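Participant: no sequence for this one, just the structure:
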């Protein structure tokens, strides 16, 4: 059991020794052993009052019995130091690695980097979110830049370095609804207008993204061999290399190297791909779209070309709106939400439902019809049974 005493009364090395006052106001010490019985290391903690020392001793003993005791010195390390070591051991895609590093370097570490890991509380997380908002960052950006910090603390809790996650109970800026406003998406004719205005060797890319729901990097990584009879097998995406490096091929978002997904291939798009290859050829590895030097197209270069076309036409869309067009078209025409989620390559169907669920056809009329039939049948059966019972009673009388 933990023991509590005042060093000013017993420890000759204490600067307050000897103290003869009953209530002297000097600090109290609590001594306890870490888990492991007599083999457990002895620890001491100094607190200002006897009550606090006794309460701390009781908490330690309870934590030991419940198996939740944490070494208080494990998390006594600056966040900056902990974050560096944590980031080194993470298995992250290159793009994600860059996002994490930027979020920590630009926003998290300047505010909290010198704080001990164990000292960070929900109020500190809320203050960080407020400072980022005051800098003009949107709620989505605050969420994005604090994602590595959230993951770091989750790891620290699992590793036994801190007792609780400081994001628990912290209120950050509320993100707006993910739901896509289908009335603000391009029409089919407007998609065609964008394709007509694009440079000719990249024009087909517009309909590939719209008809298959691809991300820009996935579209730029497509090869002729990915187009099968009735589907496209999406295997990879173009990602940004580190500073000074060109574009490179990486695994799909939320997936490991070698993972892939199939998307239904419209017949007219398959014919258009064949015509495109016949006229413009392919890249060194069979890529449908090439940069001027014959290599991979950078996602930033493609986005710049897209913005130029949009500005010329007087529109305000981004390449990602073509992906939204695919999803809204599929769902509003009755295709199953689960299938659309799989084709889009979402991490979970919840993401698809949050973004596009309102576009699924309204089932109200069908539900009314189904329940009317079920209830009517039951009520008819009940009425028949009651009528038979009344006949039996009548005959008995």
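Facilitator: Received the coordinates, thanks. Since this is a predicted model, take the numbers as computed values, not measurements. Numbering: from 1, shown residues only.
Participant: Which pLDDT value belongs to residue 397?
Facilitator: According to the prediction, residue 397 has pLDDT 56.
Participant: can you check residue 393 too?
Facilitator: pLDDT, residue 393: 59.
Participant: Now do the helix or strand encompassing residue 277: everything it contacts.
Facilitator: Using DSSP states H and E, residue 277 sits within helix 267-280. Applying C-beta atoms under 8 Å, 6 or more residues apart in numbering, the contact partners of helix 267-280 are 201, 204, 207-208, 211-212, 224, 227, 288, 290. Yep, even glycine has a C-beta here, placed from its N, CA and C like the rest.
Participant: Counting only helices, which of those make the cut?
Facilitator: The helices, defined by DSSP state H, take in 204, 207-208, 211-212 from the contacts of helix 267-280.
Participant: any idea which residue sits dead centre in the chain?
Facilitator: The residue lying closest to the centre of the chain (C-alpha atoms, centre = their mean) is residue 147, at 7.8 Å.
Participant: does it sit in a helix, a strand or a coil?
Facilitator: helix (DSSP: H, G, I helix; E, B strand; the rest coil).
Participant: Excluding chain neighbours, what is closest to it?
Facilitator: residue 103 (6.8 Å; C-beta to C-beta, 6 or more residues apart in numbering).
Participant: For the one you found, the count of nearby residues, please.
Facilitator: Residue 103 has 19 neighbours, counted by other C-beta atoms under 10 Å.
Participant: ditto for residue 372
Facilitator: Applying other C-beta under 10 Å, we find 10 other residues in the vicinity of residue 372.
Participant: Also residue 10?
Facilitator: Residue 10 is surrounded by 12 other residues when neighbours are defined as other C-beta under 10 Å.
Participant: where's it relative to residue 18, distance?
Facilitator: 9 Å (C-beta to C-beta, to the nearest Å).
Participant: Next: residue 314.
Facilitator: From residue 314 across to residue 18, the span is 88 Å (C-beta to C-beta).
Participant: Ok, residue 30 next?
Facilitator: Between residue 30 and residue 18 the computed distance is 21 Å (C-beta to C-beta).
Participant: what about whichever strand or helix holds residue 232, average pLDDT?
Facilitator: Element membership of residue 232 [criterion: DSSP H and E] is strand 231-234. With pLDDT averaged residue by residue, strand 231-234 scores 94.
Participant: helices and strands around that strand, which ones?
Facilitator: Judged by 3 or more C-beta pairs under 8 Å, 6 or more residues apart in numbering; DSSP states H and E, strand 231-234 is in contact with strand 261-264.
Participant: buried stuff in the helix or strand hosting residue 189?
Facilitator: Counting by DSSP H and E, the element that carries residue 189 is helix 188-197. Using 16 or more other C-beta atoms under 10 Å as the test for burial, helix 188-197 gives 191, 193-195.
Participant: And stretch 327-338, by the same measure?
Facilitator: Neighbour counts using 16+ other C-beta under 10 Å place 327-331, 335, 337 of stretch 327-338 among the buried residues.
Participant: Burial check on residue 114, number of neighbours?
Facilitator: Other residues close to residue 114 by other C-beta under 10 Å number 11.
Participant: Backbone torsions only: list them for it.
Facilitator: Note on residue 114: its backbone torsions stand at phi -90, psi 0 [degrees, to the nearest 10].
Participant: where does the stretch 201-350 of the chain dip in pLDDT?
Facilitator: 243-244 (pLDDT under 70).
Participant: picking that back up, CSV for the buried residues of helix 188-197, including pLDDT?
Facilitator: Compiled in CSV, these are given as follows (pLDDT from 0 to 100):
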residue, pLDDT
191, 94
193, 95
194, 96
195, 95
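Participant: from these, which is closest to residue 305?
Facilitator: Of all these, residue 305 sits closest to residue 194, with 10.9 Å by C-beta to C-beta.
Participant: Buried residues, the helix or strand containing residue 130. List them.
Facilitator: Applying DSSP H and E as the criterion places residue 130 in helix 122-134. The neighbour-count criterion (16+ other C-beta under 10 Å) identifies 124-126, 128-129, 132 as the buried residues of helix 122-134.
Participant: roughly how far out does that helix sit from the chain middle?
Facilitator: Centroid separation for helix 122-134 versus its chain: 20 Å, with C-alpha atoms, centre = their mean, to the nearest Å.
Participant: ok, residues contacting it?
Facilitator: Against helix 122-134 from outside (C-beta under 8 Å, 6+ apart): 107-108, 111-112, 115, 139, 141-142, 145-146, 149, 166-173.
Participant: Against residue 169, how distant is residue 4?
Facilitator: Between residue 4 and residue 169 the computed distance is 31 Å (C-beta to C-beta).
Participant: Mind checking which of those two has more residues around it?
Facilitator: The neighbour comparison of residue 4 against residue 169 (other C-beta under 10 Å) goes to residue 4, with 18 against 12.
Participant: Find the nearest non-adjacent residue to that one, please.
Facilitator: Spatial nearest neighbour of residue 4, chain neighbours left out: residue 53 (4.6 Å); criterion: C-beta to C-beta, 6+ apart.
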